[in-house]
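Colleague: here is the input, now give the coordinates:
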Amino acid sequence: MNIGEFFMQNKKIAIAFSGGVDSAYLLYEAKKSNCDITAYYIKSAFQPDFELQDAKRLADELAVRMKIIEIDVLSDEQIRSNPKNRCYFCKRMMFEAICREAAKDGYSVIADGTNASDEENDRPGMKAIRELSIRSPLKECGLTKSEIRRKSENARLFTFDKPAYACLATRIPCGTAITAEKLDRTEKSEKFLFSLGFKDFRVREKDNCARLEIGKSELSLFENNKRKIISELEKYYISVLPQVGVR
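Modeller: Numbers count the residues shown, from 1 in each chain. Next up is the predicted model:
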């Protein structure tokens, strides 16, 4: 089965939409197939603002209705305490919220952007997706990440080369409680690096210190902005430990 055939069989479908490469392409294919679709975006403390803005932009460009659902992830102790399977509890909360809203809107089929390159063994959140009977058309049709990027470029989707971006909670070590303050300073720090032109990086934290991971391809960019970066991040952290070339 190819993606077009999937949507021929599922003409009325709700799509969990993050604004990333995979769900953007999924939304594009559903629109191309003239499906009755609504995109559902989850807004929480774990998602940086730029993801929401990208989602809005793409939904506007495709002329697809998008609904924003706000959830309080930090109200759940199983998420806030940050265990190794935190992603399971978070995904469960997210998709339960989407299922409720989609049901109100008359949708019985819900799809997400999981692709054929996603390994299930290291993604606890996939368990929640299976439990709630969420469909993953890209995975079902055997589409890998590289194929999705190529097809997205051919379709002129601005997301085709968007870097992978895990949620802000992944910057905090497992077993360390997640707080709104920690998430906020992570987002501010990474937003600053984005403004300097960085794409392949993470700002992780441990014991109120920032561990800055920079990819090899951006070594010269880091060296040219090192003082500026450390000065900015020291507004939020006790100290900054650059780890260049580890991405």
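Colleague: and Val64, that's in a helix?
Modeller: No - Val64 sits outside any helix when classified using DSSP: H, G, I helix; E, B strand; the rest coil, being coil.
Colleague: does it touch Glu29 like I think?
Modeller: No - in this structure Val64 lies outside contact range of Glu29 using C-beta atoms under 8 Å: 11.5 Å. No exception for glycine: its C-beta is placed from N, CA and C like everyone else's.
Colleague: these two: which has the busier surroundings?
Modeller: Glu29 (23 against 18; other C-beta atoms under 10 Å).
Colleague: now that one: how far from Lys104?
Modeller: Using C-beta to C-beta, to the nearest Å, Glu29 is found at 25 Å from Lys104.
Colleague: neighbouring contacts of the strand or helix carrying Leu58?
Modeller: Assigned by DSSP states H and E, Leu58 belongs to helix 49-62. With C-beta atoms under 8 Å, 6 or more residues apart in numbering as the contact definition, helix 49-62 has outside contacts at 17-20, 24, 27-28, 31, 39, 41, 43, 65-66, 68, 157-159, 162, 165, 187, 191, 194.
Colleague: now do 7 Å
Modeller: Here helix 49-62 makes contact (C-beta atoms under 7 Å, 6 or more residues apart in numbering) with 17-19, 24, 27-28, 31, 39, 41, 43, 66, 159.
Colleague: next secondary structure element downstream of that helix?
Modeller: Going down the chain from helix 49-62, the next helix or strand is strand 66-70, by DSSP H and E.
Colleague: which neighbouring elements make contact with that next one?
Modeller: Contact here means 3 or more C-beta pairs under 7 Å, 6 or more residues apart in numbering; DSSP states H and E; on that basis strand 66-70 packs against strand 36-43, helix 49-62, helix 86-104.
Colleague: same thing but at 10 Å, please
Modeller: strand 12-16, strand 36-43, helix 49-62, helix 86-104 (3 or more C-beta pairs under 10 Å, 6 or more residues apart in numbering; DSSP states H and E).
Colleague: just the C-alphas of the helix or strand that that strand is followed by, formatted as CSV.
Modeller: Toward the C-terminal end, the helix or strand that comes next after strand 66-70 (DSSP H and E) is helix 77-80. The C-alpha trace of helix 77-80 is given here as CSV (Å, rounded to 0.1, in the frame of the first residue of the first chain):
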residue,chain,number,x,y,z
GLU,A,77,3.5,13.4,38.7
GLN,A,78,4.4,10.5,36.4
ILE,A,79,5.6,13.0,33.8
ARG,A,80,7.0,15.7,36.2
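Colleague: check which residues of helix 77-80 are buried.
Modeller: Of all the residues in helix 77-80, those buried under the rule 16 or more other C-beta atoms under 10 Å are 79-80.
Colleague: can you put the helices and strands packed on strand 66-70 in CSV and add mean neighbour count, distance to Glu5 and mean pLDDT?
Modeller: Below are the helices and strands packed on strand 66-70 laid out as CSV (neighbours: other C-beta atoms under 10 Å; distance: least, C-beta to C-beta, whole Å; pLDDT from 0 to 100):
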stretch, mean neighbour count, distance to Glu5, mean pLDDT
strand 12-16, 23, 14, 98
strand 36-43, 21, 16, 98
helix 49-62, 16, 20, 97
helix 86-104, 19, 22, 97
